[in-house]
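Chemist: this one's structure only:
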């Protein structure tokens, strides 16, 4: 009776490529300047404020 291996024989090359992809992804994330991230966050925050103030102008009815 033959026993099949639990992992494929080329598992080391797959793990290496996954590691390389992860390192590349991390390098790209860390290369974005803080000012660019801050600018986008501020724009998103301003957009949320506009939607919040425009919807708060509703008139509520008195409760009976």
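Modeler: Nice, thanks for sending it over. Model, not experiment: these values are computed from the prediction.
Chemist: for stretch 26-46, what is the average pLDDT?
Modeler: If you average the pLDDT over stretch 26-46, you get 94.
Chemist: that one: which residues count as buried?
Modeler: Applying a neighbour-count criterion of 16 or more other CB atoms under 10 Å, one finds nothing buried in stretch 26-46. C-betas here are computed from N, CA, C, even on glycine.
Chemist: what does stretch 17-24 give?
Modeler: When neighbours are counted by 16+ other CB under 10 Å, no buried residue of stretch 17-24 is found.
Chemist: show me what that stretch is in contact with.
Modeler: Residues from elsewhere that reach stretch 17-24, judged by CB atoms under 8 Å, 6 or more residues apart in numbering: none at all.
Chemist: which element is residue 37 on?
Modeler: Per DSSP states H and E, residue 37 falls inside helix 34-55.
Chemist: helix/strand/coil for residue 32?
Modeler: coil (DSSP: H, G, I helix; E, B strand; the rest coil).
Chemist: so it versus residue 17, what's the distance?
Modeler: Between residue 32 and residue 17 the computed distance is 24 Å (CB to CB, to the nearest Å).
Chemist: residue 43 now?
Modeler: Counting by CB to CB, the separation of residue 43 from residue 17 is 36 Å.
Chemist: how about residue 28?
Modeler: Distance from residue 28 to residue 17, by CB to CB: 16 Å.
Chemist: repeat for residue 33
Modeler: With CB to CB as the criterion, residue 33 and residue 17 are 29 Å apart.
Chemist: before we move on, what about residue 48?
Modeler: Distance, residue 48 to residue 17, by CB to CB: 40 Å.
Chemist: check which helix or strand covers residue 22.
Modeler: Assessed by DSSP H and E, residue 22 sits inside helix 11-30.
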